[in-house]
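Enquirer: heads up, no residue letters with this:
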């Protein structure tokens with residue numbers, strides 16, 4: 001009777017250790033996926049701001065940009081901070097105004113030695129997916145009224161008559177409205193967070 005109760009207690013302990021190991025793996029996967037997505041958001045800044053200088057540039061940017069494996073290095077760093085490793089790299093799924101990254105991790109530690117056979121070599125794995133999502137609409141900022149008949153500029157040659165890109169107004173999440181001047185943009189560390197949301201999603 002006592003032996004049976006002891007075994008049952010140790011079995012519950014083993015289940016608890018396995019659950020803790022799985023939870024650790026999921027936490028590492030979540031952190032790794034978010035880190036990769038945030039790093040990708042940081043890295044797309046130059047291409048995004050460059051697109052503002054071109055007519056229709058944003059549509060071309062969203063339709064043609066692809067994220068490579070660079071941000072996965074950041075995913076591995078965050079997985080390692082949580083005593084895990086990224087398995088199989090980062091899987092990117094790029095779409096229009098939305099990119100997803102899926103990361104699978106494996107814990108460095110095992111469940112440990114328990115009354116259940118095989119747990120001493122059993123690692124936990126987990127998967128997480130994070131999304132980088134553009135959350136704004138945009139349009140050219142309204143130009144000041146120059147009158148119905150502005151005076152011609154006699155000194156401009158033909159090459160100078162090409163219109164200089166003006167500020168663009170972004171309306172984000174229906175509550176954050178601001179302008180970006182393509183020639184004098186604010187730091188991307190601020191703009192990136194205002195323009196692109198990063199969060200986990202359910203697989």
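Expert: Looks like it arrived, so ask away. Quantities reported herein were computed from a predicted structural model and do not represent experimental measurements. Numbering: from 1, shown residues only.

Enquirer: any idea which element residue 63 lies in?
Expert: Taking DSSP states H and E as the criterion, residue 63 maps to helix 57-64.

Enquirer: list the contacts for the residue nearest to the spatial centre of the chain?
Expert: By C-alpha atoms, centre = their mean, the mean C-alpha position of the chain lies nearest to residue 37, the distance being 2.2 Å. Listed by C-beta atoms under 8 Å, 6 or more residues apart in numbering, the contact set of residue 37 reads 71, 99, 101, 130, 131, 132, 198. Yep, even glycine has a C-beta here, placed from its N, CA and C like the rest.

Enquirer: what's the closest non-adjacent residue to it?
Expert: residue 130 (3.9 Å; C-beta to C-beta, 6 or more residues apart in numbering).

Enquirer: correct me, but that neighbour touches residue 197?
Expert: No - with contact defined as C-beta atoms under 8 Å, residue 130 does not count as touching residue 197 (10.4 Å).

Enquirer: quick one, which of the two is more surrounded?
Expert: residue 130 (27 against 17; other C-beta atoms under 10 Å).

Enquirer: Give me the phi and psi angles of that one.
Expert: Main-chain dihedrals, residue 130, degrees, to the nearest 10: phi -120, psi 150.

Enquirer: That one pairs with what?
Expert: Note on residue 130: beta-bridge partners by DSSP bridges are residue 101, residue 200.

Enquirer: how far out from the middle of the chain is whichever strand or helix holds residue 88?
Expert: Assigned by DSSP H and E, residue 88 belongs to strand 84-95. Centroid displacement of strand 84-95 relative to its chain, using C-alpha atoms, centre = their mean, to the nearest Å, is 12 Å.

Enquirer: Give me the residues contacting that strand.
Expert: With C-beta under 8 Å, 6+ apart as the criterion, strand 84-95 contacts 24-25, 28-29, 32, 36, 65-69, 71-72, 75-76, 79, 99-108, 125.

Enquirer: Report the strands that pair with it, each with its relative direction.
Expert: Sheet pairing for strand 84-95, assigned by DSSP bridges, gives strand 98-110 (antiparallel).

Enquirer: what's the average pLDDT for the partner strand?
Expert: For strand 98-110, the mean pLDDT works out to 93.

Enquirer: the inter-axis angle of that strand versus helix 57-64?
Expert: 50 degrees (axes from the mean of the first three to the mean of the last three C-alpha atoms, to 10 degrees).

Enquirer: Tell me the buried residues in the helix or strand hosting residue 77?
Expert: Using DSSP H and E, residue 77 falls within helix 72-81. Of the residues in helix 72-81, 72, 74, 75, 76, 78, 79 count as buried by neighbour count, 16 or more other C-beta atoms under 10 Å.
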